[in-house]
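A.B. asks: any chance you can model this:
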Amino acid sequence: MDNEIIAQMYDYGIWANRKLLDTASTLSERRLRKPFTQFEFTILGSFAHLVSAEWRWLQAWKGEPMTERLTVDDLPTLDAVRAKWEPLFAERRAFIASLTPEHLAQPIVRKVQGREQGIILWHALVHVANHGTQHRSEIALMLTDLGQSPGDLDMVWYFLEQGGT
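C.D. replies: Model prediction:
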């Protein structure tokens, strides 16, 4: 695994996150907080979960103590979500660019529910990118159910938008 592939996965995620945020910004406050019976989170809650998970994992990758999870109480609007996410994008991009193959193969340790868990760094990086894909899919479905489809979020559309070759 190399950091350029990982960086592309995250750049795609940023593109898709922004597309979903732009679509969600057309919704009323009530609709952003509407519970969906098949999902754990509302649309706003899903965005808060994604931001929180991405910040906490970045802290773990860097060997820093992980902060408390963020919720909609911490991020009560889409503007608050954007304001918390934007600096993460740059910080994570710089972190990934600094990684060598040796770094990527090293285990990291993070504390979850009082227990230490070890995972190879590149596995953790790919996990978080994939975690984002899962929750973006759920947000896209909730938006579509509200008549506000974000359109295609397939990675190929990101690559084509970037020039395709």
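
A.B. asks: output the contacting helices and strands for the helix or strand bottoming out on mean pLDDT in the chain.
C.D. replies: Least confident helix or strand, the chain: strand 107-112 with a mean of 83, by mean pLDDT, DSSP states H and E. Packing partners of strand 107-112 (3 or more CB pairs under 8 Å, 6 or more residues apart in numbering; DSSP states H and E): helix 43-61, strand 115-120, helix 121-145. Quick note: C-beta positions are derived from backbone N, CA and C, even for glycine.

A.B. asks: how about 6 Å then?
C.D. replies: Packing partners of strand 107-112 (3 or more CB pairs under 6 Å, 6 or more residues apart in numbering; DSSP states H and E): strand 115-120.

A.B. asks: buried residues in the strand it packs on?
C.D. replies: Residues of strand 115-120 classed as buried: none (neighbour count, 16 or more other CB atoms under 10 Å).

A.B. asks: and that strand, average pLDDT?
C.D. replies: Average pLDDT, strand 115-120: 88.

A.B. asks: begin at 9 from here
C.D. replies: All set: I'll call the first residue 9, so the last point we hit is now strand 123-128.
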